[in-house]
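Asker: Kindly return the folded structure for what I paste below:
(2 chains)
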There are 2 protein chains.
Amino acid sequence: MGTTQLETAPETKYWHLKTVIGEALDSEFAVGEILPNERDLAARFGVARATLRQALEQLELEGRLQRRRGVGTTVAPPRMGVAVGAAGNGWPGSSGDAWQPADCTQEIPPAVVAELLGTGADEAVHVLRRSRMYSGQPVAADLLYVPAASVPDLSAIDIPDGVTRARVVLRELQLLGFEGEDRAVELGSARADDARQLDRLPGAPVLLVTTRYFGHGGRTAAVSVATYRADTCRLTFGGDVEFHSEQERRAS
Amino acid sequence: MGTTQLETAPETKYWHLKTVIGEALDSEFAVGEILPNERDLAARFGVARATLRQALEQLELEGRLQRRRGVGTTVAPPRMGVAVGAAGNGWPGSSGDAWQPADCTQEIPPAVVAELLGTGADEAVHVLRRSRMYSGQPVAADLLYVPAASVPDLSAIDIPDGVTRARVVLRELQLLGFEGEDRAVELGSARADDARQLDRLPGAPVLLVTTRYFGHGGRTAAVSVATYRADTCRLTFGGDVEFHSEQERRAS
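Answerer: Down below sits the predicted model:
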């Protein structure tokens, strides 16, 4: 019981503090405003800096605060509803595709991707790096893995790595009939290269969306592993009606 | 530039450390095993405890480690694929519903929920607390908000708050024709009551799934706000084929 008490006390403290700071954000600060430094905030609320930091971390998880490199901690704008699924995230390269290709290389995919693709352990596949913008901001980065079998005519075409090759792979992929897709969403932390692309610090919480695209006979034609900013994005599925968060309501 | 360097150096350090520890987890530790304490780990890898702690936090975000109250840090089992959507999460109270009702009260919902429901600012609705189990573990807690207009015959029935009332609300809800649903997924932190129900510490990262259920004419018949454990769950959408993560592969 002693252990539980020791653990519970500081939790309750920063939880309460989080609520108090949240109310202050509503009433005293505007979106984008820089918060006072930790020392001043700790003094204002009469708490230790460690307690303050825990409360700020919670508010960051909830999308209320953003830590920005070289700027400090700012009041976050409302999260954006980003459509995931057929409407906003169609088959790769189709006219409804929200992703912009940036590069294409040939690499051996991670073991988990190779298993989803059903390719051999040391079989190289086309790896397209793509990005998704929303309201002028980069909201997601993805790696699209396309096995050679999905673009059989490509091997005859000699194109160097890069964005042109990415476009050709996507065009060839359109020749394949797609039959469906499925998805998994989980919590992750941003890899260094994705973090750079998304203007985040490495290790920042992200939402990882893994999509399998199925071709004729249920064979996996391609796999996309997309990294969405968890601070600014709310992923929406199905329906055409827009979600509005409490923050959006307050901001409007 | 000076600021960037100051910030980048420790990031790179814990990022590298994270990879090294991840590899040690694969080769030296079994699922469920308790990690040595922070002091010993910091000494082993030759890093400051603050750096070690950052690396452990990243591994926790990625679902590789679990911090458990009164136990310490353990090697996490592979994440479970939990179906979200029609298959595993049908209309509330229907035969395919994965949720067990636990309680029912009448409360004024949060402003954001009232807006989704289209109820008045001070209009009380039925609030059902439900839980979802998976492989014998609680994986999610939800609050299902049902406006009086969706269960018109209920007002004539006098039932005290509690699980019996929850079952009656769900049964009455079945009389309404449902026309569809949509969903949003975002990152959040566990509220104290959800944390208790999910055996997590308050403020732990969670995946918040907000579902709107539409009745005749597109009217919102009910809204569910579900809190999924982000450490143990991977949410799956569409398709009947099972996802297997790299960790599941390693564990099998």
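
Asker: Write out the residues of the stretch 151-252 of chain A neighbouring chain B.
Answerer: For the stretch 151-252 of chain A, the contact set with chain B under Cβ under 8 Å from any Cβ of the partner chain comprises A:180-189, A:192, A:201-203, A:205, A:207, A:210, A:212, A:214, A:218, A:230-231, A:233-239, A:241, A:243-246, A:249. C-beta coordinates here come from the backbone N, C-alpha and C atoms, glycine included.

Asker: quick one, strands of the stretch 1-150 of chain A?
Answerer: Here the stretch 1-150 of chain A has its strands, by DSSP state E, counting those that start in this stretch, at A:65-68, A:72-75, A:80-83, A:99-107, A:125-134, A:137-146.

Asker: what about the residue of the stretch 1-150 of chain A found nearest chain B, distance to B:Val82?
Answerer: In the stretch 1-150 of chain A, the residue found nearest to chain B is A:Val112; the distance is 3.9 Å by Cβ to the nearest Cβ. Applying Cβ to Cβ, to the nearest Å, one obtains 18 Å for the distance of A:Val112 from B:Val82.

Asker: Of these two, which one has the most company?
Answerer: Neighbours per residue, other Cβ atoms under 10 Å in any protein chain shown: of A:Val112 and B:Val82, the larger number sits with B:Val82, 22 against 19.

Asker: For the more buried one, give the beta-bridge partners.
Answerer: On the basis of DSSP bridges, B:Val82 takes part in beta bridges with B:Leu235.

Asker: Contacts only, for the nearest residue to A:Arg219 once chain neighbours are set aside.
Answerer: The spatially closest residue to A:Arg219, leaving aside those adjacent along the chain, is A:Gly118, at 7.3 Å (Cβ to Cβ, 6 or more residues apart in numbering or on different chains). Taking Cβ atoms under 8 Å, 6 or more residues apart in numbering or on different chains, we find A:Gly118 in contact with A:147, A:219-220.

Asker: Return the item of these having minimum pLDDT.
Answerer: For the contacts of A:Gly118, the weakest pLDDT value sits at A:Arg219, with 89.

Asker: List phi and psi for it.
Answerer: Geometry field for A:Arg219 lists phi and psi as phi -70, psi 140, criterion degrees, to the nearest 10.

Asker: what's the neighbour count on it?
Answerer: As a burial measure, A:Arg219 scores 14 neighbours (other Cβ under 10 Å).

Asker: can you check A:Leu176 too?
Answerer: Counted with other Cβ under 10 Å, the neighbours of A:Leu176 add up to 19.

Asker: Name the nearest residue to it, sequence neighbours excluded.
Answerer: Excluding the flanking residues, the one nearest A:Leu176 by Cβ to Cβ, 6+ apart is A:Gly215, at 5.2 Å.

Asker: That neighbour and chain B, how far apart?
Answerer: Here the criterion is Cβ to the nearest Cβ, to the nearest Å. By it, A:Gly215 lies 14 Å from chain B.

Asker: circling back to that earlier point, can you list the strands of the stretch 1-150 of chain A in a markdown table and add mean pLDDT?
Answerer: Rendered in a markdown table, the data for those read as follows (pLDDT from 0 to 100):
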| stretch | mean pLDDT |
| --- | --- |
| strand A:65-68 | 83 |
| strand A:72-75 | 90 |
| strand A:80-83 | 90 |
| strand A:99-107 | 93 |
| strand A:125-134 | 94 |
| strand A:137-146 | 93 |
